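1. The sequence and its predicted three-dimensional model are supplied below.
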Amino acid sequence: MLLLGAGCASQGGLTKLDGSSTPASEARGTKVLVLMPDSPSALMALDGLRDELGADFAVTTRIVGEGAEPQAVAKAITETNPAVVVLMNNPTLRLYRRYQALRPSGARPLPVVALLTSFLKQSAGGIEDLSGVIYEVPLVTSLVNLRDLLAQPLVKVGVVHRPTFQGFVEEQKKLAAAEGFQVVGVEVGGKSSRDLRNAVDKLVEENKVDAIWVLNDNALLSRLMLERGWLPALRDKQTPVLVNVGSLLSRRVPFGTFGVLPDHRALGVQAANLVITAADGQAVAGTLEYPLSVEKVLDVSAARKSLRLHEDRIATVDRLLE
């Protein structure tokens, strides 16, 4: 979410979704239409997608800008006649859902592969013939990796969430339990920074959690919530904070301690294999995969101040913030 905002400018030969410029035509290969934002993460995923698809596929890209309408999607599909459509990020997914609602009754939907979309299982409702790669690395993966670094207990993990994410939290709770972790949730409405501070206090002071897991939820990660909720609540606490996106791990903002993040280029490669299967006419609809390639990131300076670490294991982390 913080990483996946849609842009509106054309970059690197990509065209705007409104059709204000014409993409270079691809004469050969199975046609694939990619609808995507103009963002670094999307461009990295596109590189992986193209490399994996190779010369047998003709990949056409369209940048989805602000204010794009479903009629522009219909025009792009008519012009490119793709066998598969690839959607990158939540605004693009919502736009495509609106396009599908306008299709003539009885028209056969195109196979869709989605990636770079937060909470894909929850976001994909209403889109036909969809498969994709879930953006969030499972919580249990982060916990197992952090536990290996810590020379102190890591059993009980707290999370603050809105009601709409209850199902997602329950799913992650079950996966984590298999590795001996206990996930404790506190529900908030998402509009009050005071409620957020109280929820964090409850997790740390009452539930005695060993770590806090932060969902990639826009409502709880707005500037207001960060400045008046999260940062004041965490300022004097020695509790490690697990995050899902790289923008929350920064030396400029003392927030995330550790994250296991998806490799964006590898997400494109993984999505390409779903594209290949769908283009071959094989059934992949409903297939939602977790990321196969990840990057471990640790704010080692902050961690050393408040946590006991196995110093000899820090070298296993892919990227250190110091």
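-> It's in.
2. Please work out how many residues are found near residue 32.
-> Neighbourhood size, residue 32 [other C-beta atoms under 10 Å]: 27. For every residue, glycine as well, the C-beta is placed using N, CA and C.
3. Do you have the strands of the chain handy? List them.
-> 15-16, 30-36, 57-63, 84-88, 112-115, 130-133, 156-161, 182-187, 211-213, 241-243, 258-262, 288-289, 294-299, 319-321 (DSSP state E).
4. most centrally placed residue in the protein?
-> residue 135 (3.2 Å; C-alpha atoms, centre = their mean).
5. give the contact list for it.
-> 4, 115, 116, 117, 118, 119, 120, 216, 244, 262, 267, 291 (C-beta atoms under 8 Å, 6 or more residues apart in numbering).
6. quick check, nearest of these to residue 160?
-> residue 216 (12.6 Å; C-beta to C-beta).
7. And the closest one, how far from residue 203?
-> 18 Å (C-beta to C-beta, to the nearest Å).
8. Likewise for residue 307?
-> For residue 307 relative to residue 203 (C-beta to C-beta), the value is 17 Å.
9. Tell me where this protein has helices.
-> 40-53, 70-80, 90-102, 120-123, 139-149, 166-177, 193-201, 223-225, 231-234, 264-279, 300-306 (DSSP state H).
10. between the third one and strand 57-63, how many degrees?
-> In other words, helix 90-102. Angle of helix 90-102 versus strand 57-63, following axes from the mean of the first three to the mean of the last three C-alpha atoms, to 10 degrees, is 100 degrees.
11. And the fifth one, by the same measure?
-> Here the directions of helix 139-149 and strand 57-63 differ by 90 degrees (the same axes, to 10 degrees).
12. contacts for helix 139-149?
-> Under C-beta under 8 Å, 6+ apart, the answer for helix 139-149 is 154, 157, 172, 175-176, 178-179, 181, 183, 211, 213, 240, 242, 258-260, 294, 296, 298, 303, 309-310, 313-314, 316-317.
13. Could you check it and say which residues are buried?
-> Neighbour counts using 16 or more other C-beta atoms under 10 Å place 139, 140, 141, 142, 143, 144, 145, 146, 147, 149 of helix 139-149 among the buried residues.
14. what do you get for the last one?
-> Within helix 300-306, the residues that qualify as buried are 300, 302, 303, counting by 16+ other C-beta under 10 Å.
15. One more: the second one?
-> Burial within helix 70-80, assessed by neighbour count using 16+ other C-beta under 10 Å, is assigned to 70, 72, 73, 76, 77, 80.
16. any chance of those in TSV, with distance to residue 41 too?
-> Converted to TSV, those look like this (distance: C-beta to C-beta, whole Å):
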residue	distance to residue 41
70	24
72	22
73	21
76	21
77	24
80	23
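17. beta partners for residue 33?
-> Beta bridges link residue 33 to residue 60, residue 85, judged by DSSP bridges.
18. so how far is residue 152 from it?
-> Applying C-beta to C-beta to residue 33 and residue 152 gives a distance of 50 Å.
19. Residue 91 too?
-> 41 Å.
20. more neighbours, the two?
-> residue 91 (19 against 12).
21. My read is that the more buried one contacts residue 37, right?
-> Yes: counting by C-beta atoms under 8 Å, residue 91 does reach residue 37; the two are 7.2 Å apart.
22. who's more crowded, residue 307 and residue 203?
-> Shown here are residue 307 and residue 203; by other C-beta under 10 Å, residue 203 has more neighbours (25 against 20).
23. ok, the more buried one touching residue 156?
-> No: with contact defined as C-beta under 8 Å, residue 203 does not reach residue 156; the gap is 9.1 Å.
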